[in-house]
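[1] Dropping the sequence and predicted coords here.
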Amino acid sequence: MSTLNSVGHATPRIDAQLRVTGGATYTADVVLPGMLYARVLRNPHPHARIRKIDLSKAQALAGVKAILTHENCDIIWTSGDTRNKRYLFNNPVRFAGDAVAAVAATDRHIAEEACRLIDVDYETLPFVLEPEDALKDGAPEIQPGGNLSPNNQGKHEPDVQRRGNIEEGFKAADHVLEDHYETPHINNAQMEPRASMAHWEGDKLIVYASTQGIANCRSDIAKDMKLPQEKVEVICHYMGGGFGNKNQCHDFDLMAAELSKRAGAPVRLEFTRKEDFTAVHGRWPTSQYYKVGVRNDGTLTAIQMRGYSGMGPYRKGAGDISGMEVYQVPHSEKTSYMVYTNKSVSANFRAPAYPQGVFALESIMDDAAHALKMDPLEFRLKNFTRKFRDQQAYSSNGLEECLRKGAERFGWKERWRPAASDVGVVKRGAGMGMGMFPSSLGRSNAILRVDSKGDYHVHVGVTDCGTGAKTTMALIAAEALEAPLTKINVIWGDTDTCPYSVGESGSRTTVFTGQAVVEAAKDLKKQIAEKGLPKPGEFLRADAAPNPQLRDFARYSFTAHFAEIEVDTETGRIRVTKFVAAHDSGRVVNPLTAESQVKGGATTGIGMALHEQLLYDKRTGLPLTAGYYNARIMTHLDAPEIEVVWVETEDPYGPYGAKTLGEPTIIPAVAAVANAFFNATGKRVKDLPLTRDKVLGVLA
Amino acid sequence: MKTFSNVNPKSVPDAVKLLGQPGKSTAIVGGGSDLLGMVKERLVQPDVLVNLKAIPSLDKIEERGGQIHIGGLATLTSVSEHPAIRARYKALADAAGSVGTPQIRNAGTIAGNVCQRPWCWYFRNGFPCFKNGGKTCFSVVGENEFHAIFGGGPSFIVHPSDTAPALVALEAKFRIGGPSGERTVAAADFFASPSKDPARENILAHDEVLVEIQLPSASRNLRSAYHKELDRESWTHAIVSAAVALEMNRDVCKRASVVLGGVAPIPWRLPKVEAMLAGKRITAELAAQAGEASVEGARPLAKNGYKIPLTRTIVKRTIAAVASA
Amino acid sequence: MSQKPSSKISRRHFVEGTGAGLVAASVVPLKGQQPAAAAQTSGTTARPRTQIKFTINGVQRSMEVEDHWTLVELLRDHLNLTGTKIGCDRGECGACTVMLDGKSVYSCSQLAVWIDGKTVLTVEGLARNGKLDPLQQAFIDHDGPQCGFCTSGQLMSAKALVTHNPHPTRDEVRAGMTGNICRCSNYNHYVEAVLAATTRTATTGGGGNA
């Protein structure tokens, strides 16, 4: 791979100083004169009809300026549900945490107190928590039309994807394996709690949002508030993580906007951490039934999966269970049921459909290798995808190299032995998993300007949710303009000063917006060559809005993770003792921040394998583990050292050949740990997480 | 957060008087880590916080006549780092150093740790359980993987304190200030079974203050340790813990204390195990037998059966580690 | 098809039904969510207030605070020191970590009124005369902050650690900072940064950390 001047060099973030001095302004740090504080009252039942809301005591409290409920506010939160009408305040309320009222008051304590003074008369309704239970006859109906959420054709039927003939595939097999796996609801748990600050300047709405995409956030707010786009400005300069749950606009943005309108003052609405865990969304829980056919020589003949995803009561997320394409197989069938339940809403969390799917898929593939007495690495080298769905060529495919280079760095040959080889109390085991994530191309924009001093101003609608997007854009601009990084000034995070950008979701910013920067730079360079630098006070400007599409290729990033763990079989304690993450994300634009992505994503995946879940009390339907303590989020002492191996394939698309990175990093980590547990002990835990009761249970 | 006033008493009797004010909801506060969280969740709703930090010298750790006197307001950090405690009462130093995180140990006090309310998720989430003034324990047929295998009923919480098992094992005494003066009780008698009053974990009346913890003069041959097993590598409470103190004569154990944490509503002493060890050489076999004996009478709920093998292991290993230290 | 493994060891002594009678799901009013008493009134005037004196980032201050303000509320809402973040407000995440009389504490778990007579250091007070603390520079060089929301807390924990232990080992750094969650999970880089900063201090014979 050719060496470039800026791209590919480890570079500290251009805004790092503000991030280490407390100078970066996040949404809840914004103070506007005369602003009010808002809080939300939440439903304490899994399913209930509101008979009556009495606001009289709350309204009488000095300092209360506006109260919204379903009785006085019928704003529809469009992106909160892709199938049903989801209002800001719904009746019936369908999960513990559904919003009942929002109050704006002169300080936070009054807003909180006012919420307590609202009397709500609930008629409790029957509830159901698990998706398979929700599909049974007689289950309480959560949305009109039944609990099986409509598929993409609008029918209350499961999504089915078939290739080949699944029965033929099983007939051709020497061995058929079947198993069942479960994964829980897990919260994104980004450090910054939800906050939104809204105020109106005449008929223009300005929202300081905590969003992963200012452009989509603006268009959503405009739609739901029934405003023209140009009457909405969304500002987000710094935001404290989201991992998929700050895409688009959220109910808190709309609540703040409406409260501000009614109270005639700026409103800052803040959610508590508990609300963040229960009232926003997390990764969808799944129940997955796998059936796999394999020949004696290790060749896969068929993969069949029937999966149930618990979406909560609103269809905010896709609910897919993905990962199967990473195997080459002639016959496959996937049937997915996206089901309404009375648990918290599920939607995007870092590689939304993948880690839970790949955990199950890679568990059964590991069992297949074990049944055939094959090294799991050899099994994967035999069966990894060569063509997308065995049909379409990839624009680049570094999966084999990820497997080989990752295994080499890990020391797979020395560390992997047949399952349960250790005889001692503390058993070591090695496991692996592989995965892939789409790296599509698409529309995004950039505006580049140059001034008389030759300083470049790069306008991109990114928010930089922690990915380093601003620095990535600066590096791409520096490369394309053949300018030093110090001459690049990035303007970001404000819809009034930045053009449309795709938003930091789907790991698309580097590829989409980066491409726009490259094209704008080309144009600007040409202009400078023709006209020279502008006079003082004037600018040359280039706009780019490319919308490249893939035609003959499938474009994916690939990854393989390798984990070694120690299991103390007398205590059930699991420690990760070595972890290698190999990634093909095409060309790596900034190795420093890219390493952070990989280490972070892998560590989060390890937490999903070992600890995390939003656990419910089955009889009351109420969540028990909302918050960092009870959800057992990873800490410094839990985090192992992650070694990163780059496989930089040459890809003809994307800026300098860059592919997606942020999301693939979590995908195989969960499976690698689970498989290492099997390798250490010879026993398999099939429902995450690997808590002590399950670990000591299978070892007993 | 709820409105309240913070008052700074000048002395323990002053604090006792403030706590007993008629017609006011009062709460005692030491480090504040636990209490403020409960006030924010509205599990307690005091009008007055009686701030013990204001009382001079209540945070001192002093050696007098071979005994160590630990003021109730001594922070967990100062207890865990105190040279004499580390040298002679290692179980307590271990236990104090195992609590929460550095920030919690810097603010949290030993009295606060001993008197900490349970971390049962039903209690902390405001379910109307015994601890919240209700008439049921939701864990019994609910999610009970962290609940009691010993001594439960009608409430099945586990006592959350790390220092409590160590203090019981080291036979500490607790000096308590109250309206009729002071009283001193053995650590083991401070904690109260839910069978007496399922709403409470100890014998302190509302207007009593845990003023001081006294460690008896330790024989030079006393060896001790505290082992805490967590389900995350830090920052959670013990799923099972063991405080073991052995008075050794060369390799023969003269006297043993073995007290469990994380398995019962009170620090759970194991007299039978202690008797097994007394007068014997501590061998690997004896430690394993002690482990076996430690779980006699355990009655697990649906999801905490794993605590039985875990307890067995922790007891065995901690005894062996102390004996060979 | 696999049974839930936990059933193996747990059913032996299953004591379901031995507890007290259970209330039905439909009548569970959670504590703290019950409506407040009708007579209860609240207004800013009724709130107890106290005059306190303290030192913040080297500057002495004297001001009146409401008794129920937390320290982080004082810092963010009333002193405009918004570098300290609120991540959970329950002492479970570490984003609000500050140094109080030289030790790290969760400022969400301290009342403002309790800092009377004490000294507080926040992230805004780390740099001296425009020069970054070596820890801050190391955080930049090693890409500690991703989203940056936990960073101030990570820095203050690191600062408290190296104040007491200028040359910590890797394990001491991890234990010393374990009260600070990073959901971007950039733990490796934070630890590398602290080790780099403290090693540099050692080789250059001093700096801001001692």
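    Received, thanks. Numbering: from 1, shown residues only, chains lettered A, B, ... in the order given.
[2] And what about the nearest residue to residue A:292 once chain neighbours are set aside, helix, strand or coil?
    Leaving aside its sequence neighbours, residue A:292 sits nearest to residue A:177 (CB to CB, 6 or more residues apart in numbering or on different chains; 4.9 Å). To be clear about C-beta, it is placed using only N, CA and C from the backbone, and glycine gets the same treatment. Under DSSP: H, G, I helix; E, B strand; the rest coil, the three-state class of residue A:177 is strand.
[3] surely residue A:563 meets residue A:677?
    No. Counting by CB atoms under 8 Å, residue A:563 does not reach residue A:677; the two are 9.2 Å apart.
[4] so what sits against both of those two?
    residue A:431 (CB atoms under 8 Å, 6 or more residues apart in numbering or on different chains).
[5] Comparing those two, which shows the higher neighbour count?
    Per other CB atoms under 10 Å in any protein chain shown, whichever of residue A:563 and residue A:677 has more neighbours is residue A:563, with 34 against 26.
[6] Tell me which strands the helix or strand containing the more buried one pairs with, and in which orientation.
    For residue A:563, the host element (DSSP states H and E) is strand A:556-568. Strand A:556-568 has the following strand partners under DSSP bridges: strand A:426-438 (antiparallel), strand A:574-584 (antiparallel).
[7] Leaving aside the residues adjacent along the chain, what's closest to residue A:33?
    Per CB to CB, 6+ apart, closest to residue A:33 is residue A:266, 7.7 Å.
[8] what number of residues lie near the one you found?
    22.
[9] Same check on residue B:195?
    Around residue B:195 there are 12 residues (other CB under 10 Å).
[10] Pull the contacting residues for it.
    B:153-154.
[11] Distance-wise, check it relative to residue B:157.
    Distance of residue B:195 to residue B:157, given as CB to CB, to the nearest Å: 13 Å.
[12] Please apply the same query to residue A:122.
    For residue A:122 relative to residue B:157 (CB to CB), the value is 29 Å.
[13] pLDDT score for residue A:464?
    Looking at residue A:464, its pLDDT stands at 86.
[14] er, residue B:219 I mean
    Model confidence at residue B:219 (pLDDT) stands at 87.
[15] How about the secondary structure of it?
    Relying on three-state DSSP, one would call residue B:219 coil.
[16] For chain C, what's the nearest residue on the stretch 151-300 of chain B?
    Residue of the stretch 151-300 of chain B nearest chain C, by CB to the nearest CB: residue B:234 (4.3 Å).
[17] For that residue, give me its contacts.
    Counted by CB under 8 Å, 6+ apart, residue B:234 has contacts A:635-638, B:101, C:175, C:178-179.
[18] Residue C:106 versus the most centrally placed residue in chain C, what's the distance?
    Note on chain C: the residue nearest the mean C-alpha position is residue C:94, at 2.9 Å, using CA atoms, centre = their mean. Using CB to CB, residue C:94 is found at 7 Å from residue C:106.
[19] Equivalent analysis for residue A:345, please.
    From residue A:345 to residue C:106 the distance is 30 Å (CB to CB).
[20] Between the two, point out the one with more neighbours.
    Higher neighbour count among residue A:345 and residue C:106: residue C:106, with 34 against 28, using other CB under 10 Å.
[21] what's the longest helix in the chain?
    With no chain named, the answer covers chain A. helix A:509-531 (DSSP state H).
[22] meant chain C, my bad for not saying
    helix C:187-204.
[23] How far off centre is that one?
    Centre-to-centre, helix C:187-204 and its host chain are 21 Å apart (CA atoms, centre = their mean, to the nearest Å).
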